[in-house]
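*Asks:* quick one, fold the following:
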Amino acid sequence: GREVVTAMMEELGVEDVEELETVPYAQLAAAYLKVSPAIAAKGGYIGGCPKANDFYLGDPRQIGFTEHAKTIPVLIGTVLGEFSFGHGVPYKYDMSEADQIAMVEKKYGKEESAKVIEMFRKAYPGKCLTDVCVLDTMFRAPTIDFIAKKSVHPESPTYSYMFTYEFPIDSGKVAWHCAEIPLVFHNAELVPIYNTPGVTEVLQERVFSAWMNFARYGNPGNAALPAWPACEAGVENTMILDTDCEVRVNYDHELLPACGWPPARCTTRRTTLRRCTEFFRKGSFRQEAALFLLKAAKRELFTAFPMNRGFAPLPDPRKKKENVR
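*Replies:* Predicted coordinates:
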């Protein structure tokens, strides 16, 4: 928007828009962080999401669904570790219980960890406890909110899914953002890290058939999957897409609050920007993380802090400690 760009130019001492192309990214980001909260506080447009107008009325989670939108079937979901782009935890299944708990405590703190561990094991039985350290809440929380508000309208069904397949790399890699896409397009064989013989082909047929059926009929159900009911008011029927597929009801609605992200406390963009700026100024997390969260905040993708702090994997338990002189 013109207002935020003008403010950034004043902050940077730039007189010509073309000069912005010569400014290092870190300086641009810092200028944006400084000027955008005040503009957002006044209701100004600061970019990063569509601007409401006569055609786009705004986020339906905030303004409600149009009469036409109520009639459109929806298939919506996320993956277990949306932002788990880094390496997995080496030999995580060989780690002791104490070491796994120590990793969780490093992420969530000792006081909160007991509840997080209890709720994670309830929501994801069979998953390694270390997976909760990369558990996505930034996308999942507003997805739950969207489903809750869309499914009260009986005009069309809303279907929920969660992709939790563990990839056969890095001792078991948690699914990352868009990890389900090769399965949706039925070309997982082109991506070697996807393939576990006898497993990936089966899951691919299930996922591909679900998307094709939804595109054709507005219903993702197919013979390869268990019965997949639509969500109802207060009832989120989530299809877990994994080696074993099953429908779970409100299965992680207690887990997210334990992780500090209550779905009911969806903030406005203005509040989220303010909180992100406060964290940035306090230096409570890395600058790169601050900039990333600010970008997400502009898109109104998450609900509340604390932010999703990074963590360093524990040492490989199979390796002996070497003496260092």
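*Asks:* where exactly do the strands run in the stretch 101-250 of the chain?
*Replies:* For the stretch 101-250 of the chain, the strands defined by DSSP state E, counting those that start in this stretch occupy 158-163, 237-241, 246-249.
*Asks:* for stretch 106-118, give me every contacting residue.
*Replies:* 101, 104-105, 129, 132-133, 255, 258-260, 309, 311 (C-beta atoms under 8 Å, 6 or more residues apart in numbering). For every residue, glycine as well, the C-beta is placed using N, CA and C.
*Asks:* and the residues you listed, which of them are in helices?
*Replies:* 101, 104-105, 255, 258 (DSSP state H).
*Asks:* nearest to A148, out of those: which one, please.
*Replies:* A148 lies nearest to L255 out of these, by C-beta to C-beta, at 15.9 Å.
*Asks:* follow-up on the earlier one: who wins on neighbours among the contacts of stretch 106-118?
*Replies:* Comparing those on neighbour count, V132 comes out first with 27 neighbours (neighbours: other C-beta atoms under 10 Å).
*Asks:* so who does the closest residue to that residue other than its chain neighbours touch?
*Replies:* Spatially, and ignoring its direct neighbours in sequence, V132 is nearest to F120 (4.4 Å; C-beta to C-beta, 6 or more residues apart in numbering). Neighbouring residues of F120 by C-beta under 8 Å, 6+ apart: 127, 129, 131-132, 135, 255, 258.
*Asks:* now those as CSV including distance to W211 and pLDDT?
*Replies:* Output for the contacts of F120, formatted as CSV (distance: C-beta to C-beta, whole Å; pLDDT from 0 to 100):
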residue, distance to W211, pLDDT
K127, 24, 96
L129, 31, 96
D131, 25, 96
V132, 28, 96
L135, 25, 95
L255, 26, 95
A258, 32, 92
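*Asks:* ends of stretch 222-242, what's the gap?
*Replies:* 16 Å (C-alpha to C-alpha, to the nearest Å).
*Asks:* which of the residues in it are buried?
*Replies:* Neighbour-count burial for stretch 222-242, counted by 16 or more other C-beta atoms under 10 Å, picks out 222, 225, 228, 230-231, 236-242.
*Asks:* what's the closest of the residues you listed to V35?
*Replies:* The closest of the buried residues of stretch 222-242, once distances to V35 are taken by C-beta to C-beta, is E236, at 39.2 Å.
*Asks:* hang on, the closest one packs against V247?
*Replies:* No: counting by C-beta atoms under 8 Å, E236 stays clear of V247, with 10.0 Å between them.
*Asks:* contacting residues for A175?
*Replies:* Neighbours of A175 in contact, by C-beta under 8 Å, 6+ apart: 79-81, 84, 163-167.
*Asks:* just those residues: which has the poorest pLDDT?
*Replies:* Lowest pLDDT of the contacts of A175: S84, 90.
*Asks:* could you confirm L33 falls within a helix?
*Replies:* Yes: under DSSP: H, G, I helix; E, B strand; the rest coil, L33 falls within a helix.
*Asks:* ok, it - how many residues close by?
*Replies:* 19.
*Asks:* for V184, same thing?
*Replies:* Counted by other C-beta under 10 Å, the residues lying close to V184 total 16.
*Asks:* for it, give me its contacts.
*Replies:* So V184 contacts 207-208, 211 (C-beta under 8 Å, 6+ apart).
*Asks:* what does L12 give?
*Replies:* Applying C-beta under 8 Å, 6+ apart, we find L12 in contact with 20, 23, 27-28, 31.
*Asks:* how near is it to V199?
*Replies:* 53 Å (C-beta to C-beta, to the nearest Å).
*Asks:* cool, P157 as well?
*Replies:* In terms of C-beta to C-beta, P157 sits 29 Å off from V199.
*Asks:* comparing the two, which residue is more hemmed in?
*Replies:* Higher neighbour count among P157 and V199: P157, with 20 against 14, using other C-beta under 10 Å.
*Asks:* before I go, just wanted to say thanks for your time.
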